[in-house]
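Asks: The following block contains a protein sequence and its predicted model.
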Amino acid sequence: MKKRILLALCSAALTLAHAQKHQFLEIPKFSDADLSRQKSSLDENAPAEILYKSLHFSIDNNSGNLVKKAFYRVKIYDKEKAEDWLNLEVPLYQNGSNQETLSRMKAFTYNLENGASVATKVDKSSKYKSKESKYVSITKFAFPNVKNGSVIEYQYEITSPFLFSIPEIIIESNTPSLYTEYVLDTPGNIAYNVNYTGFLNPKYREVEEKMMYGMNYRTYRFGYDNLKPFKTEKFINNDMNYRTKISAELHSTNFKELKLYSSSWEQIKERLYENEDFGGELKKTRLAKENMPAGIAGITNEMDKANAIFSYVKNTFTWNKDRGLYTEDGIKKMLETKTGNAAEINLFLVMLLREAGIKADPLAISTVSNGLINIASPNVSHLNLVIAAIQTKDGFHLYDATSRQSSVDQLPPRDWNQFGILLAKDKVQQLSMVNAKTSFTYLTVAAKINDDGSISGTYADRDTGTYAMFAKESYDENADKYKKQYKENFAVDFTGIDSKVTENGDFESTMRFSSENLIDKVGKKIIINPMLFLNKSSNEFDQTEERKYLIDFTSPFNKIKKVVLEIPEGYTIEQMPKSKKIVTDDKEIEYSYVAEQKGNTLEVVSAVKVLSSNYPKEYYPAFKQIFGVASKQENQVISLVKK
């Protein structure tokens, strides 16, 4: 009897183990229990949670096409904060007659009604396609009847003739995930380089060769359980660089003969120069000859000549906000309309510089939002913008004529992404891109205390260099929102806000202000913080966990805050604020606070100086200490007493 019981237990254990064995590409049936979930078990404050996510890429052995299959099931906890999940966008690419097609799209919203699940199907009439460029169109639709507690589910299939690059998949997202999987299946005669970046290890992993569809396939399968939302850190230019993600690029095919596709940067350069929308445009030297700005020939200094040509291009042509390495309508069309994409404007700049006898070449880069270039795995898909580089006796200098605020080596913030690929005619090389020009921020207040206990005056906010371009971009995006930020950030009533680009490219906002909340009266004393609303109320470097990532400011910077406060007649300062200066041993970070009485005014100047655009994570304690001192200094108060 004991043997039979033992045998039965072993059999049950084997059955259970078999039932629990993980299987890739095995979508679980929809469960009503998912509709009853009240909050995420991984992050109780998450507005949404991925219940199941599967991305499957395979090569169809019959057609030779890449097939992309996606399946998502997502729980919505807070509809108002989960907007990104409520509107689906599926991009499709095309190049000439080659184009991707979308099929087998299904989408549902599930809700719990009267104790039972009710599915609402996304109607075909709600879908629409928009043309983003000649290379990209996007199919969009919104989920109907979404409520707090809903589950949305969608799947689709894309057939693509483009085998060279398989879309990069972000494993660590802002949304927690109970299960996420990535699968790539390729025939044995088509090989890919699979790039895996990040710090997470998959719980389930299969990299092997197996028989599928009647032939030998190479498979890459990665599965992840219970992924918490990615936790970002302050002062990072693009946290996507640190998230776990997977991509794949075509390495070789072996049909009748072995053909290698893994490129070197040299091969990429050759292909670009052979492309009619890149190298073909650069060959149209006649356009440069006929459109050379007047007076250039008379400039003898090489840098002055380059700067003059750059000034002409950036002030004559308007960027249409389209990035990319390739021209779209062509430089000739741009000359007619005075509007073009980044490639048209900056390749024309290269042409003019070359025509003027300056050694100039295109510099292909990946913008900050596009992520870092993978130098170890050269691929043109890593690159999404072209700017201009010239080489002089003192080294390389960079230009980007898409921004009218830019100047030599003063690029728009989006460009500073560590390095680019210089596509010179004779050779290709990696070029380091370090933003060495300091950006200045000047915050200036002139104020007085009124008889009614309020404070009023003028305020000016001026940025230079890279930070001026940041401010201008924010202003252009939404001018009303930009101006509204002053009241939201300072809780002071501002009027007459005037924001503009100055003649030298700075961005400045001036305004008047008044407030009744900046002083306290205690008996005959007036208690006030002389920094008024510019005091640093907290330490931005407040991370309690150990820093993981690079500290990035995009630009070296000096931030200077100056307050000139008129002391009311009949009052004197009981005790002056204490001045302070702190600096790191290597002089990289410096802070000072100086208070002086000058006649009937109190003048307070606070200054932060940071000499580099970024720092290794080991600098975090130094920043934390210095900015802690700054917060303490700027929260000193003074007492004004009657004489």
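Replies: Okay, I see it.
Asks: all helices in this protein, in order from the N-terminus.
Replies: 2-20, 83-86, 265-274, 279-282, 285-290, 302-316, 331-337, 342-355, 465-477, 479-490, 620-633 (DSSP state H).
Asks: For the last one, buried residues please.
Replies: By neighbour count, with 16 or more other Cβ atoms under 10 Å as the criterion, the buried positions of helix 620-633 are 620, 622-631, 633. C-beta: built from backbone N, CA, C; applies to glycine.
Asks: ok, now which ones touch V641?
Replies: Residues near V641 by Cβ atoms under 8 Å, 6 or more residues apart in numbering: 524-526, 571-572, 574.
Asks: can you tell me which of the residues you listed lies nearest to G505?
Replies: Taking Cβ to Cβ as the measure, G505 lies nearest I526 of those, at 41.1 Å.
Asks: before we move on, the earlier item: ranking the helices of the chain by burial, who's on top?
Replies: For the helices of the chain, average neighbour numbers computed from mean count of other Cβ atoms under 10 Å are highest in helix 342-355, which has a mean of 25.
Asks: what residues are up against the most centrally placed residue in the chain?
Replies: With distances taken as Cα atoms, centre = their mean, the chain has S369 as the residue nearest its mean C-alpha position (3.3 Å). By Cβ under 8 Å, 6+ apart, the contact list for S369 reads 238, 414.
Asks: E153 too?
Replies: Contacts here follow Cβ under 8 Å, 6+ apart; on that basis E153 touches 30, 72-74, 107-108, 110.
Asks: switch to 7 Å and redo it
Replies: For E153, the set of contacting residues under the criterion of Cβ atoms under 7 Å, 6 or more residues apart in numbering consists of 72-73, 107-108, 110.
Asks: mind checking how far it is from K106?
Replies: Between E153 and K106 the computed distance is 8 Å (Cβ to Cβ, to the nearest Å).
Asks: ok, now D78?
Replies: Here the criterion is Cβ to Cβ. By it, D78 lies 25 Å from K106.
Asks: Over to N489?
Replies: When distance is defined by Cβ to Cβ, N489 is 46 Å away from K106.
Asks: What of L349?
Replies: Relative to K106, L349 is positioned 48 Å away (Cβ to Cβ).
Asks: Turn the helices of the chain into JSON lines, including mean pLDDT.
Replies: What follows is the helices of the chain, written out as JSON lines (pLDDT from 0 to 100):
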{"stretch": "helix 2-20", "mean pLDDT": "39"}
{"stretch": "helix 83-86", "mean pLDDT": "94"}
{"stretch": "helix 265-274", "mean pLDDT": "94"}
{"stretch": "helix 279-282", "mean pLDDT": "98"}
{"stretch": "helix 285-290", "mean pLDDT": "97"}
{"stretch": "helix 302-316", "mean pLDDT": "98"}
{"stretch": "helix 331-337", "mean pLDDT": "98"}
{"stretch": "helix 342-355", "mean pLDDT": "98"}
{"stretch": "helix 465-477", "mean pLDDT": "95"}
{"stretch": "helix 479-490", "mean pLDDT": "93"}
{"stretch": "helix 620-633", "mean pLDDT": "97"}
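Asks: Dump these to CSV, plus distance to A376.
Replies: Conversion of the helices of the chain to CSV gives the following (distance: least, Cβ to Cβ, whole Å):
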stretch, distance to A376
helix 2-20, 39
helix 83-86, 32
helix 265-274, 11
helix 279-282, 26
helix 285-290, 36
helix 302-316, 33
helix 331-337, 34
helix 342-355, 26
helix 465-477, 29
helix 479-490, 41
helix 620-633, 28
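Asks: Of those, give the one that comes closest to E566.
Replies: helix 479-490 (19.6 Å).
Asks: okay, the angle between that closest one and helix 465-477?
Replies: 120 degrees (axes from the mean of the first three to the mean of the last three Cα atoms, to 10 degrees).
Asks: I'd like to know which elements helix 479-490 is packed against.
Replies: Packing contacts for helix 479-490, counted by 3 or more Cβ pairs under 7 Å, 6 or more residues apart in numbering; DSSP states H and E, involve strand 493-501.
Asks: so L227 sits right up against E172, yeah?
Replies: Yes - assessed by Cβ atoms under 7 Å, L227 is found in contact with E172 at 6.5 Å.
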